[in-house]
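**Q** Sequence and predicted model, in that order:
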Amino acid sequence: MPRMSYKIGNVIVLKSSHHGDLASQQSAKIVAVMPETQGGRRYRIRLANENFDRTVAHDDIDVEASVSQTPDAIAPKVSKPGDWINHDLVRTRK
């Protein structure tokens, strides 16, 4: 079975974990695709009810459940993928 590759903006579902993680079985939006390291791909994701990003491995994504997701499944919290600094709020000292 070929591995599904995801792009920025795709909505995915995380696999349920045996640790009882609160993020499992929730929809998340791919914010960034990380470089492949040691033969594995990682993604930076954002859950709908969180204001921070998480990184997950490709193996942590429920591929079958993710196919049925649409971009409207989670609230659009990220205005621009990859733009996580609000430059209007950055101040420098003189």
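**A** Structure received. Just so we're clear, the structure is a prediction, and the values are computed from it rather than from any experiment.

**Q** which residue ranges form the strands in this protein?
**A** 11-13, 27-33, 42-47, 54-57 (DSSP state E).

**Q** among the ones you listed, which is nearest Ser5?
**A** strand 27-33 (8.2 Å; CB to CB). Backbone N, C-alpha and C define where each C-beta goes, glycine included.

**Q** So which helix or strand of this protein has the lowest pLDDT on average?
**A** The weakest-scoring helix or strand in the chain, judged by mean pLDDT, DSSP states H and E, is helix 63-67 (a mean of 76).

**Q** Mind giving me the packing neighbours of that one?
**A** strand 11-13 (3 or more CB pairs under 8 Å, 6 or more residues apart in numbering; DSSP states H and E).

**Q** Looks like Ile45 contacts His58 (just checking).
**A** No: between Ile45 and His58 there is no contact under CB atoms under 8 Å: 11.4 Å.

**Q** Of those two, give the one with the bigger neighbour count.
**A** Shown here are Ile45 and His58; by other CB atoms under 10 Å, Ile45 has more neighbours (25 against 17).
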